[in-house]
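Asker: model this:
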Amino acid sequence: MKKLVMVSALSVMATSATQADDVKIGVLLGYTGPIESFTPQMSSSAELAMKEVSDTGLFLGGQTVTSVRGDSTCVDTPAATAAAERMITADGVMGIMGADCSGVTGAVLQNVALPNGIVMISPSATSPGLSHTNNEDQGLFFRTAPSDARQGEVMADILIEDGVKSVAVSYTNNDYGKALAETFEAAFNAVGGEVTLSAGHEDGKGDYSAEVGALAAAGGDRLVLIGYLDQGGSGVLRAALDSGAFETFHFPDGMIGSMLEENFGSEINGSTGQHPGTDSDGQAMLVEMVGDAFDATSAYVPESYDATALILLAMQAANSSAPSDYKDHVMAVANAPGEQIFPGELGKALEILAEGGEIDYVGATAVELIGPGESAGNFRQIVVEGGKITTVSYR
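Answerer: Numbering: from 1, shown residues only. Down below sits the predicted model:
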């Protein structure tokens, strides 16, 4: 793909941004597509961090932060890369909070962010293929969500502890689904479990009876549904319920949201799952800040706030909005040493950094970046009781 902006040109843009009244940050998420029910809350959380920073008057000598939204679609890589290109060339963003789904995130990173020297911090791209060891990212890519290598292990442990010894697996046929299915199966086998069948499903179909028939024939104590709540995952779930093929299910991150309660309710009582989350003080602080404005406990909402905050705090630490300057400060502001910073305390962080001090950004998700640029990861374990998603514990 053509390199739309060279790094040298980006430096000129950075200088202009520094002299202007605002710094623009891209919010590249799936406003349409299979996770569109998650996206409004994620966007609002990212923009909450931007407003908090702007309102302090302390950011880079009094500049404000402006959000530029772009639709990743979650699954359409040409559309996602085009949206990212527009953010850079037309809007002049100095960093991207996103993308969301793993396949489009990898495409945007390779085809847009790397050629143009733009920092990306994803709140929800979880494929192990995006890990630093598997991806030459030039120090530009970070994520506040843990890798699915970790999620697969957590999922296996939850099922075994729940007395589930055999499962069938239906996964969405893309980078996210395949990688999580593989890491889960390896982890489940390692702790004595059996996967009777692991089969992909395509999104956008009207009938999933054939897929469910094959899964039912293979059998299993539970059906693991690695998919998207707004797409094929829900289609497979509905077909399984209508046919009586499975009574209980296990849901990873892409299937856990308010629509699960609204569309299936008590039909899935006893089903289990997990998604990134923590019971840290920071999570409680974010929930209190948000109030009734949006659901701060929805999947990847805390991670979106933290991803945005890290971009802005790294800029403050570098005293520059140029990605070539601030990319080397992301790890420093995210980890010890330094004064711990929680949601609602971004003004304090900006002041400390402006005075040459150090911070340890804990945020809403107990941020700890390893790898480098990789979230160490915490997970919220859930069960469906009385048609409602209920927290069991955190891991």
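Asker: when you work out contacts or count neighbours from here on, use the C-alpha atoms and nothing else.
Answerer: OK.
Asker: what about this protein, any weak spots by pLDDT?
Answerer: 1-20, 132-135 (pLDDT under 70).
Asker: what about the most centrally placed residue in it, which SS state?
Answerer: Closest to where the C-alpha atoms of the chain average out (CA atoms, centre = their mean) is Ser124, at 1.1 Å. Of the three states, Ser124 takes coil under DSSP: H, G, I helix; E, B strand; the rest coil.
Asker: tell me the contacts of it?
Answerer: 98-102, 143-145, 300, 303 (CA atoms under 8 Å, 6 or more residues apart in numbering).
Asker: please report the distance of it from Ala332.
Answerer: From Ser124 over to Ala332 the distance is 21 Å, taken as CA to CA, to the nearest Å.
Asker: same check on Gly371?
Answerer: Taking CA to CA, one finds Gly371 at 13 Å from Ala332.
Asker: ranges for the strands of the stretch 101-250 of the chain?
Answerer: With DSSP state E, counting those that start in this stretch as the criterion, the stretch 101-250 of the chain has strands at 120-122, 141-143, 166-172, 194-201, 222-226, 249-251.
Asker: right, so of those, which gets closest to Val290?
Answerer: strand 120-122 (21.0 Å; CA to CA).
Asker: adjacent strands (with direction) for the closest one?
Answerer: If you go by DSSP bridges, strand 120-122 pairs up with strand 96-98 (parallel), strand 141-143 (parallel).
Asker: can you list contacts of the first one?
Answerer: Here strand 96-98 makes contact (CA under 8 Å, 6+ apart) with 25-29, 46, 105, 118-124, 304, 307-308.
Asker: on that earlier part again, of the strands of the stretch 101-250 of the chain, which is nearest Asp71?
Answerer: Per CA to CA, nearest to Asp71 of the strands of the stretch 101-250 of the chain: strand 120-122, 14.1 Å.
Asker: how far is the closest one from where the chain is centred?
Answerer: The chain centre lies 9 Å from the centre of strand 120-122; the measure is CA atoms, centre = their mean, to the nearest Å.
Asker: and stretch 347-361, end to end?
Answerer: 12 Å.
Asker: quick one: buried residues of that stretch?
Answerer: For stretch 347-361, the neighbour count (16 or more other CA atoms under 10 Å) marks 347-350, 352-354, 358-361 as buried.
Asker: any idea which of these is closest to Thr183?
Answerer: Tyr361 (29.7 Å).
Asker: who's in contact with that closest one?
Answerer: Taking CA under 8 Å, 6+ apart, one finds 310, 333-335, 339-342, 367 in contact with Tyr361.
Asker: next one: Gln151
Answerer: 180, 184, 275, 379.
Asker: wait, Ala240 sits on Ala210?
Answerer: No. Assessed by CA atoms under 8 Å, Ala240 is found out of contact with Ala210, at 10.4 Å.
Asker: show me what contacts Glu153?
Answerer: Going by CA under 8 Å, 6+ apart, Glu153 touches 183-184, 187-188.
Asker: sort out for me which of these are in helices.
Answerer: With helices taken from DSSP state H, the overlap with the contacts of Glu153 comprises 183-184, 187-188.
Asker: export the residues you listed to TSV and tack on neighbour count and distance to Ala214?
Answerer: Converted to TSV, the ones in helices among the contacts of Glu153 look like this (neighbours: other CA atoms under 10 Å; distance: CA to CA, whole Å):
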residue	neighbour count	distance to Ala214
Thr183	19	22
Phe184	25	20
Ala187	21	23
Phe188	25	21
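Asker: circling back: so which of Ala240 and Ala210 has more stuff around it?
Answerer: More neighbours surround Ala240 than the other of Ala240 and Ala210, with 23 against 11 (other CA atoms under 10 Å).
Asker: quick one: the more buried one from Ala216, how far?
Answerer: 8 Å.
Asker: repeat that for Gly206.
Answerer: 19 Å.
Asker: ok, now Glu351?
Answerer: 59 Å.
Asker: kindly report the same for Arg86.
Answerer: Counting by CA to CA - Arg86 and Ala216 are separated by 46 Å.
Asker: can you check Gly92 too?
Answerer: Distance of Gly92 to Ala216, given as CA to CA: 52 Å.
Asker: Val384: which element?
Answerer: strand 379-385 (DSSP states H and E).
Asker: that strand pairs with which strands?
Answerer: Here strand 379-385 has these sheet partners by DSSP bridges: strand 272-276 (antiparallel), strand 388-394 (antiparallel).
Asker: contact partners of that strand?
Answerer: Against strand 379-385 from outside (CA under 8 Å, 6+ apart): 151, 154, 158, 266, 268-278, 389-395.
Asker: now with 7 Å, please.
Answerer: 268-278, 389-395 (CA atoms under 7 Å, 6 or more residues apart in numbering).
Asker: please apply the same query to stretch 210-218.
Answerer: So stretch 210-218 is contacted by 168, 196-197, 236, 239-240, 245 (CA under 7 Å, 6+ apart).
Asker: list the buried residues for that stretch?
Answerer: Quick answer for stretch 210-218 (16+ other CA under 10 Å): 211-212, 215-216.
Asker: how far off centre is that stretch?
Answerer: 31 Å.
Asker: and for stretch 165-180?
Answerer: In this view, stretch 165-180 has its centroid 18 Å away from the chain centroid, taken as CA atoms, centre = their mean.
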